[in-house]
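Student: sequence and computational prediction follow.
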Amino acid sequence: MFKVIVVDPISEEGLKSLTDHEQFEVDINTGLSESELINIIDSYDALIVRSQTQITPPILDAAKNLRVVARAGVGVDNIDINYATKQGILVINAPDGNTISATEHSMAMILSMARNIPEAHRSLQDGNWDRKKYRGTELYKKTLGVIGAGRIGLGVAKRAQSFGMNILAFDPYLSSDDAKRLEITRATVDEIAEQADFITVHTPLTPKTKGLVNEDFFNKAKPNLQIINVARGGIIDEDALIKALDEGKIEKAALDVFTEEPANNTPLTQHEKIIVTPHLGASTIEAQEKVAVSVANEIIDIFENNNVLHAVNAPQMSGEVEEELRPFVELSRTTGEVGIQLFEKGPRELKIKYHGEIALDDTSLITRQLVMGVLQQDLGDHVNLINALVLLNEQGVTYQIEKNSKKYGFSNYIELELVNKEHSIKIGSTVLNGYGPRIVRINDYPVDFKPEKHMLLIHHNDQPGIVGKMGQILGEHGINIASMHLGRHSIGGEALMVLSIDDEASEETIADLFAIEGFQSINKVELNQSL
Ligand SMILES: NC(=O)C1=CN([C@@H]2O[C@H](COP(=O)(O)OP(=O)(O)OC[C@H]3O[C@@H](n4cnc5c(N)ncnc54)[C@H](O)[C@@H]3O)[C@@H](O)[C@H]2O)C=CC1
Ligand SMILES: O=C(O)CCC(=O)C(=O)O
C-alpha cells in the first residue's frame, strides 16, 4: 500500500484513478503550515501540490519515505527542485493539462486590455455611460511579440493569427523550420521591443528570464505597446513596468502573475493602466481536472511500472525502455562498482565513452547507473537515479561523456575511466548477443568475463605454474573457483587474472595468495549482486 497526500486544492474527480486504486491510500489535507506538513510527511510515499504549498528543504528532510512530489500544473517554482534532487526524490509535473486554459486566459487578457473591458465594466457599474473614454484598439494587423514559444506561447500565437495578427517570436528552441511552418517570424528580444504593438511572455522564471523585460526594453518600445504576463511574476521587471507606464513609454499592461503572491500589497494591482487577475490562468474546471488526472495516473504508473513520463529532475524513464536497456543498465552499475573498487582512492573525474549503436540512444539512464555504481560503495542506498549526478558533483568529481557511433570491436561498447592526479583505470564493457553482459577490457588488458558477486583481479607475471599454486591456496582456504580468465600483453610479460569465486576471500587468503612469487597485486571486488 502506497500513501499519497494532497496538500493543495485539486480536482477530486481528477484524482479518482488514485483514490479508487486498491494499492493507494490518498489523504486530502490542504492548507497545512510548513510545520504541520513536516510532522506528518514521513509516512507518505507521494505528495501532490498545486502552486500554494511551498515544498521546502525542512519538509523534504522530514520526508523519509517520499519518492515523488507531483505538481498538478506546469511551473515548479514552489518546489525546491535542487534539494529534492539531492534527496533523491523524483519531481514530476503535468505540463499540458492547463495549456489551453492558460492560452485562453492570455487571449482574454489581451482582448480585455485592448478593449478596456474591466475599466468600462467598473465605470458602468458606477453609474457612468462613458463611450469615449474606453475607446479601444483592434488586434487586426497588429504585431504580437511572443517571448517563449512553448506550449502556451504557440497556442496564443495561433489564436492571435486567427485575429489577423502578425507574430514575432523569441525562443532559443524555436527552429527556423517550425517558425516557417507556423508562419511566425523569429526575432530577437530587441526586435520584439522595437516592433511589437502587443507582447506576451510565456517562459519559465529562470535566472535568464528574470527581468528579461526591463527598463532598457521599455525604452526601445513603441508608446502604444500593451504587454501581458500570464507566465511568472518577475519576467517583466515590475518596477520598470510601473515606471514605463507612468512615463507614458508604453500604454497598458495585464498581469495574472506577480513576484509575490498573493499580490495584496503592491501598486501593480491598483494601477489605472494595469488590469489584473489573481493567477487564474489555469483556473478552469477542465484544466484542474486534466492536471489532476495527469498526476494521478503518472503516480500509479511510477509505483506500478517504474514509468516516468513528466520528470522534472530525472531523465524520462519507462519500464519498457528500461526493459530494453536492462542488460546495459545492470552492466553499467556493475561496471561502476568494479571500477571504484579497482581504483581504491577517490577519483576526481569520470570519463564515459559510448561506442557503436548505443551512442545513438538516450544514454542518460546508463550514465546515471554508472555513476550510481561508483558512488554506492561510499554512499550506499542514499544514491539513486535522481540524485546520482548531484551527489557526484558534491563529491567534487566531474564527468564527461563522449559518444561515437562507430563500432569499437563490438556492436556496443561502454567505457568508464576513473581518473585522479596519480592514475587512471579504464573498464570496458559490452553486451554480447546471446552471451549477455561482459567486461571486455581492464586498462590495456583484453578480458572477457561476466561480473560475479565475489571476484579477485590479480596482476602477475605470465609464468608457468602460477595458476596451479593459486588454485592450491584457494583450495586450502575452502574457496571454490567458479571461473577464471587470463589476459596478457605478451608471453612471459605482465598479465591479469580475473577469478570468480564462490565465497568472499578473507584477508588471510589474500595474504597467502600475495606470497606467491610473481603476484604483483590483488584486488578484491565484491559486487552487490552477480549479473
Ligand atoms: N498563469 C497560470 O496560471 C499559468 C502559468 N503557466 C506558466 O506559463 C509558462 C509557460 O508554460 P508552457 O508554455 O506550458 O511551458 P513550455 O515549457 O511549453 O514553454 C516554455 C518556453 O519558454 C522557452 N524559454 C525558456 N527560456 C527562455 C528564454 N530565456 N527566452 C525565451 N524563451 C525561453 C522554452 O524554450 C519553451 O519553449 C511557465 O512559466 C508556466 O509556469 C502555465 C500554466 C498556467
Ligand atoms: O495551479 C495553478 O493554478 C497555477 C498554474 C500555473 O501557474 C502553472 O501550471 O504553472
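Tutor: Structure received. Ligands and ions are numbered 1, 2, ... in the order given.
Student: which residues sit against stretch 210-227?
Tutor: 110, 113-114, 137, 147, 189-190, 193-201, 203, 234-237, 240-241, 243-244, 248-254 (C-beta atoms under 8 Å, 6 or more residues apart in numbering). All C-beta spots, glycine's among them, are computed from the backbone N, C-alpha and C.
Student: recalculate using a threshold of 6 Å.
Tutor: 113, 193-194, 197-199, 234-237, 240, 244, 249-253 (C-beta atoms under 6 Å, 6 or more residues apart in numbering).
Student: around ligand 1, pick out the residues from the protein.
Tutor: By C-beta under 6 Å from any ligand atom, the part of the chain that sits against ligand 1 consists of 74-75, 95, 98-99, 102, 147-153, 170-173, 202-204, 206, 208-209, 230-232, 256-257, 279, 281-282.
Student: enumerate the residues of the protein near ligand 2.
Tutor: So the chain meets ligand 2 at Arg50, Ser51, Gly73, Val74, Gly75, Asn98, His279, Gly281, Ala282, Ser283 (C-beta under 6 Å from any ligand atom).
Student: what about 5 Å?
Tutor: Arg50, Ser51, Gly73, Val74, Gly75, Ala282 (C-beta under 5 Å from any ligand atom).
Student: pull out the buried positions in the helix or strand that Phe303 is a member of.
Tutor: Counting by DSSP states H and E, the element that carries Phe303 is helix 285-305. Within helix 285-305, the residues that qualify as buried are 287-300, 302-303, counting by 16 or more other C-beta atoms under 10 Å.
Student: now swap in stretch 419-439 and tell me
Tutor: Result for stretch 419-439 [16+ other C-beta under 10 Å]: buried residues Val419, Ile425, Lys426, Ile427, Gly428, Ser429, Thr430, Val431, Pro437, Arg438, Ile439.
Student: give me phi/psi at the fourth one?
Tutor: Spelled out, that is Ile427. phi -120, psi 120 (degrees, to the nearest 10).
Student: again, but for the fifth one
Tutor: When read as degrees, to the nearest 10, the backbone of Gly428 gives phi -110, psi 140.
Student: who does it bridge with?
Tutor: Per DSSP bridges, the residues bridged to Gly428 are Glu415, Arg441.
Student: what pLDDT is listed against it?
Tutor: pLDDT, Gly428: 95.
Student: quick check, the residue in the stretch 151-300 of the chain closest to ligand 2?
Tutor: The nearest approach of the stretch 151-300 of the chain to ligand 2 comes at Ala282, 3.6 Å away (C-beta to the nearest ligand atom).
Student: would you map the strands across the stretch 151-300 of the chain?
Tutor: 166-170, 185-186, 198-201, 226-229, 252-255, 274-276 (DSSP state E, counting those that start in this stretch).
Student: before we move on, what about the stretch 1-150 of the chain?
Tutor: 2-6, 24-28, 46-49, 68-71, 90-93, 143-147.
Student: generate CSV for those strands, with mean pLDDT as supplementary columns.
Tutor: CSV is the format used below for the strands of the stretch 1-150 of the chain (pLDDT from 0 to 100):
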stretch, mean pLDDT
strand 2-6, 98
strand 24-28, 98
strand 46-49, 98
strand 68-71, 98
strand 90-93, 97
strand 143-147, 98
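Student: and those as JSON lines, adding mean neighbour count?
Tutor: Below are these laid out as JSON lines (neighbours: other C-beta atoms under 10 Å):
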{"stretch": "strand 2-6", "mean neighbour count": "22"}
{"stretch": "strand 24-28", "mean neighbour count": "17"}
{"stretch": "strand 46-49", "mean neighbour count": "27"}
{"stretch": "strand 68-71", "mean neighbour count": "26"}
{"stretch": "strand 90-93", "mean neighbour count": "24"}
{"stretch": "strand 143-147", "mean neighbour count": "25"}
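Student: so Asp462 versus Gly492, what's the distance?
Tutor: 5 Å (C-beta to C-beta, to the nearest Å).
Student: the two: who's more crowded?
Tutor: Taking neighbours as other C-beta atoms under 10 Å, Asp462 and Gly492 compare with Asp462 leading, 18 against 11.
Student: find the nearest non-adjacent residue to the more buried one, please.
Tutor: Spatial nearest neighbour of Asp462, chain neighbours left out: Ala495 (4.1 Å); criterion: C-beta to C-beta, 6 or more residues apart in numbering.
Student: can you tell me the SS state at that neighbour?
Tutor: strand (DSSP: H, G, I helix; E, B strand; the rest coil).
Student: pull the number of nearby residues for it.
Tutor: Residues near Ala495, counting by other C-beta under 10 Å: 21.
Student: could you do Phe519 as well?
Tutor: Neighbours around Phe519, by other C-beta under 10 Å: 17.
Student: my guess is Val69 contacts Val91, does it?
Tutor: Yes: if you go by C-beta atoms under 6 Å, Val69 and Val91 touch, sitting 4.9 Å apart.
Student: what touches both of these two?
Tutor: Ile79, Ala84.
Student: CA atoms only for the one helix or strand Val431 maps to - export them in PDB, please.
Tutor: Val431 belongs to strand 424-432 when assigned by DSSP H and E. C-alpha atoms of strand 424-432 as PDB (Å, rounded to 0.1, in the frame of the first residue of the first chain):
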ATOM      1  CA  SER A 424      43.500   6.200 -14.100                       C
ATOM      2  CA  ILE A 425      41.700   3.000 -14.700                       C
ATOM      3  CA  LYS A 426      39.600   2.000 -17.700                       C
ATOM      4  CA  ILE A 427      36.900  -0.600 -17.600                       C
ATOM      5  CA  GLY A 428      35.300  -1.500 -21.000                       C
ATOM      6  CA  SER A 429      32.100  -3.400 -21.200                       C
ATOM      7  CA  THR A 430      29.600  -4.700 -23.700                       C
ATOM      8  CA  VAL A 431      26.500  -6.800 -24.100                       C
ATOM      9  CA  LEU A 432      27.300  -9.800 -26.300                       C
END
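Student: how many residues are close by the residue in the chain that ligand 1 sits nearest to?
Tutor: Of the residues in the chain, the one nearest ligand 1 is Gly150, at a distance of 1.8 Å by C-beta to the nearest ligand atom. When neighbours are counted by other C-beta under 10 Å, Gly150 registers 18.
Student: which strands or helices does the longest helix along the chain pack on?
Tutor: As assigned by DSSP state H, the longest helix anywhere in the chain is helix 319-343. Secondary-structure packing of helix 319-343 (3 or more C-beta pairs under 6 Å, 6 or more residues apart in numbering; DSSP states H and E): helix 364-379, strand 412-419, strand 424-432, strand 519-526.
Student: about what we covered before: out of the strands of the stretch 1-150 of the chain, which is closest to Thr334?
Tutor: strand 90-93 (23.5 Å; C-beta to C-beta).
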